[in-house]
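# Using only what follows, build the 3D model:
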Amino acid sequence: MNFRFLLPLVFCSVPIFVFPETKAIGAAPVYRAVEARLSVEREGLPFVFQKLKDGKELRIVYLGGSITAANGWRPLITGWFSRQFPQSKIREINAAIGGTGSDLGAFRLRRDVLDHKPGLVFVEFAVNDGRRKPYDIWKSMEGIVRQIWLENPETEICFVYTFRLGYEKDLRNGFCPQAASAMEMLADYYGIPSINVALRIVELESAGKLIFKADPQSADPNLICFSKDGVHPLTRGHEIYAEVISEAILSFQKSGRSGKKVARFDKLKQPFVADNWEDAQMIPLAPRMLSGNWKPLGPDDVLSRRFSKRMGTIWVADQPGSKICFKFKGSYVSLYDLLGPDAGQVILTVDGERRKKVVPRFDSYCTYHRIATLPIAQKLDPEKTHTIVVEIHPDQPDRKSVSFRLKDPVAELKSPKYQGRKIRASQIMIRGKLVN
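As a prediction, the model looks like this:
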């Protein structure tokens, strides 16, 4: 149900609300380190518990990075919900993509989250947003929150903060790391519950029961080996995450707040940051935007099978001069594409000005293909119509950056796997409105 355009009907037995026009906000919020707590209920998950009490289906979307994409805490929590509330059908939607943060999350929200009509959305980006500035985190995370509640204010949101090596310093001192602190400030503003599973990991390590990073084959068997790399939990690490989350959800259910419904529309009157990404969207590439030898990947193509669920139709071209051309009115534009060992590089032209720097769709991780975004422009005049051209460059990118990952770099870089100028893309990411 989309509440964005509904008018109040005072004669109905069930009131329908219209969201008031967004008001301008004053001074920008000032970042502060926030006290670390295992869970903070705030306004809880009242609509979730009402659905479960009534025996209705609950659709849970897990939006995050590789920690959530793994076969770990996500399916464990889905299974816990099913056992804890057997009268309800629990449906899991995995909306996690490794190596991505809330910046991409805000743009892919419609396709990966909202179209599934969730009742609960777990948002896990505290690790992948770890190197972003607080204000940038606020813009994208608030964009996620506002898009969800503008679609349906009864959809519950819960922030989850996971661990990576380096976060222990702040957590030992009693504070959330910067990314989680920024998210906590936003959670306070909107009354969103949060669960800090990273804090439990540090508590266990401080108690001498856990080691953050080790080879499980050689680690002390008396210690919990959290991970091999300091980021991605092993089985026991995911189990700890799930234990903390399930404990928090039960505490939310038992508190007095769980039975209270909240007026979410009031919270959308004034944003936390004025330029949040509420207007972020993805638009599929269309044939009218393409020139050259672009072709859609067929359903039997290996990359289509791997990525089309996330990306939709993927277009590929390798002929120099092949272009993607479109116009939009807005402030931000990127391309949703794939990096890979056979990828080429592109020339960007914005409003007739050709960028001097060629942009490779290849990097030091490109022994395989993966989802990525190609930033084009981020601070355009939002009131003007902009013309964007992405053109395939005739030269291949320098592939030496991947050499350290190869057993025989000289021979392997000459192999067919690392030859090509292929550009694969599926969606335009904009803040604004497509013109053509």
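# hang on, K400 packs against L413?
Yes. The pair K400 / L413 is scored as a contact, 7.4 Å apart, by Cβ atoms under 8 Å. (Each C-beta comes from the backbone N, C-alpha and C, glycine too.)
# hey, what's I211 bridged with?
Beta bridges link I211 to C225 when assigned by DSSP bridges.
# Out of K400 and L413, name the residue with the larger neighbour count.
A direct count of neighbours by other Cβ atoms under 10 Å for K400 and L413 places L413 higher, at 17 against 10.
# ok, now which ones touch the closest residue in space to L171 that isn't next to it in sequence?
The shortest distance from L171 to any non-neighbouring residue, by Cβ to Cβ, 6 or more residues apart in numbering, is to V202 (4.2 Å). The neighbours of V202, taking Cβ atoms under 8 Å, 6 or more residues apart in numbering as the test, are F163, Y167, E168, L171, R172.
# Spit out the contact partners of the third one.
E168 makes contact with V202, E205, F212, according to Cβ under 8 Å, 6+ apart.
# The first one and F212, how far apart?
It stands for V202. Distance of V202 to F212, computed by Cβ to Cβ, to the nearest Å: 9 Å.
# Give me the common contacts of these two.
Common neighbours of V202 and F212, using Cβ under 8 Å, 6+ apart, are F163, E168.
# picking up where we left off before, ok, the contacts of E168 vs Y365, which is closest?
F212 (23.1 Å; Cβ to Cβ).
# Would you mind checking which helix or strand in the chain has the lowest mean pLDDT?
One helix or strand of the chain scores below all others by mean pLDDT, DSSP states H and E: helix 264-267, with a mean of 78.
# Report the buried residues of it.
By neighbour count with 16 or more other Cβ atoms under 10 Å, helix 264-267 contains the buried residues R264, F265, K267.
# Nearest residue to the last one in space, ignoring adjacent ones along the chain?
Excluding its sequence neighbours, the residue lying closest to K267 (Cβ to Cβ, 6+ apart) is Y190, at 5.4 Å.
# Columns distance to R74 on top of the buried residues of helix 264-267, output as a markdown table?
Listed next are those as a markdown table, based on distance: Cβ to Cβ, whole Å:
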| residue | distance to R74 |
| --- | --- |
| R264 | 25 |
| F265 | 30 |
| K267 | 27 |
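# quick one: terminal-to-terminal distance for stretch 172-186?
End-to-end distance for stretch 172-186, by Cα to Cα, to the nearest Å: 23 Å.
# still on that earlier bit, check which element follows the least confident helix or strand of the chain along the chain.
Per DSSP states H and E, the first helix or strand lying C-terminal to helix 264-267 is strand 280-284.
# And the residue nearest the centre of this protein?
G105 (3.1 Å; Cα atoms, centre = their mean).
# can you point me to the longest helix in this structure?
Longest helix in the chain by number of residues, with DSSP state H as the criterion: helix 235-254.
# roughly how far apart are F125 and Y62?
F125 is 12 Å from Y62, where distance means Cβ to Cβ.
# With neighbour numbers in mind, choose between these two.
F125 (31 against 24).
# mind checking how far that one is from S194?
Using Cβ to Cβ, we find F125 at a distance of 12 Å from S194.
# Just the pLDDT at R424, thanks.
We have a pLDDT of 98 for R424.
# just use 17 as the starting number from now, easier for me
Will do, 17 is the new start, and the previous item becomes R440.
# So in terms of bridging, what pairs with it?
Under the criterion DSSP bridges, R440 forms beta bridges with V332, L354.
# export the longest helix of the chain as CSV, just CAs?
What follows is helix 251-270, C-alpha atoms only, in CSV (Å, rounded to 0.1, in the frame of the first residue of the first chain):
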residue,chain,number,x,y,z
THR,A,251,29.6,-20.2,12.1
ARG,A,252,29.9,-19.4,15.8
GLY,A,253,30.1,-15.7,15.1
HIS,A,254,26.9,-15.7,13.1
GLU,A,255,25.2,-17.7,15.9
ILE,A,256,26.3,-15.1,18.4
TYR,A,257,24.8,-12.4,16.2
ALA,A,258,21.5,-14.3,16.0
GLU,A,259,21.4,-14.9,19.7
VAL,A,260,21.8,-11.1,20.4
ILE,A,261,19.2,-10.2,17.8
SER,A,262,16.6,-12.8,19.0
GLU,A,263,17.1,-11.7,22.6
ALA,A,264,16.6,-8.1,21.6
ILE,A,265,13.4,-8.9,19.7
LEU,A,266,12.0,-10.8,22.7
SER,A,267,12.8,-7.8,24.9
PHE,A,268,11.0,-5.5,22.5
GLN,A,269,7.9,-7.8,22.5
LYS,A,270,7.8,-8.0,26.3
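# Now do the same for that helix: mean pLDDT, whole number.
Helix 251-270 comes out with an average pLDDT of 97.
# centre of the chain versus that helix, how much separation?
From the chain centre to the centre of helix 251-270 is a distance of 21 Å (Cα atoms, centre = their mean, to the nearest Å).
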